[in-house]
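Trainee: Quick check, what structure comes out for this input:
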Amino acid sequence: MTKLEAMLKYVSEHNDFYKKRIKDYGITNPLDITQWPILTVNDIKNIQPTNNFSDEREKVIYSSGSSGFTKKVAWTYKDYTKMCLYAWKLRNRWYHINPNMKTLHFYGSSLYNDIVDFQHNESDYYTFNNELFISYACLCNKTDIAINLINDFLPELIFAFPSTLMTLLEDSREDKWRDNIRYIELYGEYVNSDQIIKFKEKTPKAQYSIMYGTTETGVIAIMCPDMHMHIVEENCFVECINEHLVLTSLVNTQTPYIRYFVNDIGIINYDECKCGLFSNTIVDLKGREPGFIITSNHKNVSANTILECINLINAEYSCSIISYYAEQLVPGELNVYIDISKSYYTWKNTIISKFRSYLAHMVGGLDIINVDIGIPLKSKKRNYYTCRCCGDGKG
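Mentor: Below is the predicted model:
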């Protein structure tokens, strides 16, 4: 029995939500993944944990809400540890690193409850065993404190959003931590090769990788040194349906996701990689479908246009825009917030003017385009567009 079949057998016997789903959809062979219906965002609102954790310690992780609502995903500690270790097997194989090395993490405006077992609070930083956690707010607003913490800690590994790493590397001082970094893993945001080249210039001794994952299934894929996104096949079974990724968790027995339509765009490749690992890889990974900007005459324009405008400016001003957050409250009006590299801050008015001009030209039908410097911390998102006039939210 394969690991996929074992998970399908488990949920069909132990999870009430999936027992009902088998009956409602007339599934005759629960071990055949093709008989299972696609799991949508509306469906997962009804998923309940497999048991009440009477014999297992509970770990609960909350999603960012990019699918339209915040999801509560429960794991047993045993399952969560397995998921992490499967990912570390690949990191160790390619980059010769391990979880016992000193590691720096960044988090949002408040501490994530899934890091360790402590009360949710608003601390600027936190240390736990061989790990240092620093809030993005501390890095931006109390830079000296953050840099001193990092220099004292001397991490060997960094896990961060690309925009957060850019903010850290923008600090021009000669920091001793840079020479100590062996590995940097980026996740959660789109990052292009030009950005990674700029990162490497400022951390020449570090190896770089990219991780693709979701709150619902954990780590899905990790990039090898040959720049291919290898699926962590012990963690997740990945299908491609009409160029959209569909995920089935192979580890989480408490809140299992079977054929979850995650709305990320990508293609699965089955060829052997030069790194020596024969496994499925994800190519052309583009993240969530971007959603639409609604013009004053109620036409829909892809929200990817925002990113295209940013790419034009970054080509001219050498990656000056680090990240953005955009929202639309009414048709024909768009609010965009951008973070600008410190070295280009004196050019902010020119950059704003050009951004507004490019966007007006490429979209058309926008009566008001508000562009401000600085992403509100309350948004808790970067490189994200939300359309509140139709309830759509896309990364």
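Trainee: helices and strands around the strand of greatest length in the chain, which ones?
Mentor: Ranked by residue count, the top strand of the chain under DSSP state E comes out as strand 260-269. Packing partners of strand 260-269 (3 or more Cβ pairs under 8 Å, 6 or more residues apart in numbering; DSSP states H and E): helix 41-44, strand 236-241, strand 244-249, strand 281-288. Any C-beta I mention is one placed from the backbone N, CA and C, and that applies to glycine too.
Trainee: Now do the buried residues in that strand.
Mentor: Of the residues in strand 260-269, those scored as buried under the neighbour-count criterion (16 or more other Cβ atoms under 10 Å) are Y260, F261, V262, N263, D264, I265, G266, N269.
Trainee: go on, stretch 166-174?
Mentor: Within stretch 166-174, the residues that qualify as buried by neighbour count (16+ other Cβ under 10 Å) are M166, T167, L168, L169, E170, D171.
Trainee: Same question for stretch 189-196.
Mentor: Residues of stretch 189-196 classed as buried by neighbour count (16+ other Cβ under 10 Å): E189, V191, Q195, I196.
Trainee: For the stretch 151-300 of the chain, which segments count as helices?
Mentor: Secondary structure of the stretch 151-300 of the chain, counting by DSSP state H, counting those that start in this stretch: helices at 162-169, 193-202.
Trainee: Quick one: the ones you listed as CSV, columns for distance to E239 and mean pLDDT too.
Mentor: Listed next are these as CSV, based on distance: least, Cβ to Cβ, whole Å; pLDDT from 0 to 100:
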stretch, distance to E239, mean pLDDT
helix 162-169, 27, 83
helix 193-202, 28, 84
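Trainee: These into TSV, with extra columns for distance to M223?
Mentor: What follows is those, written out as TSV (distance: least, Cβ to Cβ, whole Å):
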stretch	distance to M223
helix 162-169	13
helix 193-202	10
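Trainee: And those helices: which comes nearest L104?
Mentor: Evaluated with Cβ to Cβ, the helices of the stretch 151-300 of the chain place helix 162-169 nearest to L104, the distance being 9.1 Å.
Trainee: The closest one - contacts with which helices or strands?
Mentor: Packed against helix 162-169, as judged by 3+ Cβ pairs under 8 Å, 6+ apart, are the following elements: helix 136-141, strand 183-186, helix 193-202, strand 321-328.
Trainee: Count residues in the vicinity of A206, would you?
Mentor: The criterion is other Cβ atoms under 10 Å. On that basis, A206 has 18 neighbouring residues.
Trainee: what does T350 give?
Mentor: By other Cβ under 10 Å, the residues close to T350 number 14.
Trainee: how about low-confidence regions in the protein?
Mentor: 48, 50-58, 60-71, 108-123, 172, 174, 287-291, 319, 376-385, 388-395 (pLDDT under 70).
Trainee: about what we covered before: which one of the helices and strands packed on helix 162-169 lies nearest to M7?
Mentor: Ranking those by proximity to M7 (Cβ to Cβ) places strand 183-186 first, at 26.6 Å.
Trainee: List the contacts of the closest one.
Mentor: Residues from elsewhere that reach strand 183-186, judged by Cβ atoms under 8 Å, 6 or more residues apart in numbering: 91, 95, 97, 156-162, 165, 196, 199, 203, 206-211, 222.
Trainee: still on that earlier bit, could you single out the most deeply buried of the helices and strands packed on strand 260-269?
Mentor: strand 244-249 (a mean of 22; mean count of other Cβ atoms under 10 Å).
Trainee: So for T248, which of the helices of the stretch 151-300 of the chain sits nearest?
Mentor: helix 162-169 (28.0 Å).
Trainee: so the closest one versus strand 321-328, what angle?
Mentor: For the pair helix 162-169 and strand 321-328, the angle between their directions (axes from the mean of the first three to the mean of the last three Cα atoms, to 10 degrees) equals 140 degrees.
Trainee: Excluding chain neighbours, give the residue nearest to F17 in space.
Mentor: If the residues on either side of it in the chain are set aside, F17 comes closest to I47, at 5.1 Å by Cβ to Cβ, 6 or more residues apart in numbering.
Trainee: Likewise for R178?
Mentor: Nearest-residue entry for R178: T203, 5.5 Å, with adjacent residues in sequence omitted and distances by Cβ to Cβ, 6+ apart.
Trainee: Quick check: the one you found vs D194, distance?
Mentor: Distance from T203 to D194, counting by Cβ to Cβ, to the nearest Å: 16 Å.
Trainee: What separation do you get for the residue nearest in space to the middle of the chain and E156?
Mentor: For the chain, the residue lying nearest the average C-alpha position, counting by Cα atoms, centre = their mean, turns out to be G188 (2.2 Å). Distance, G188 to E156, by Cβ to Cβ: 21 Å.
Trainee: circling back: tell me the one of the buried residues of strand 260-269 nearest K142?
Mentor: Within the buried residues of strand 260-269, the smallest distance to K142 is 34.4 Å, found for D264 (Cβ to Cβ).
Trainee: Now for the closest residue to the closest one other than its chain neighbours: which residues touch it?
Mentor: In space, not counting the residues next to it along the chain, D264 is nearest to L245; the distance is 4.8 Å by Cβ to Cβ, 6+ apart. By Cβ under 8 Å, 6+ apart, the residues touching L245 are V238, E239, V262, D264, I265, G266, I282.
Trainee: would JSON lines of those with distance to T295 be doable?
Mentor: Written out in JSON lines, the entries for those read as follows (distance: Cβ to Cβ, whole Å):
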{"residue": "V238", "distance to T295": "36"}
{"residue": "E239", "distance to T295": "35"}
{"residue": "V262", "distance to T295": "28"}
{"residue": "D264", "distance to T295": "26"}
{"residue": "I265", "distance to T295": "24"}
{"residue": "G266", "distance to T295": "29"}
{"residue": "I282", "distance to T295": "33"}
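Trainee: buried stuff in the helix or strand hosting A360?
Mentor: Element membership of A360, judged by DSSP states H and E, is helix 348-363. Judged by neighbour count using 16+ other Cβ under 10 Å, the buried positions of helix 348-363 are I351, I352, K354, F355, R356, Y358, L359, M362, V363.
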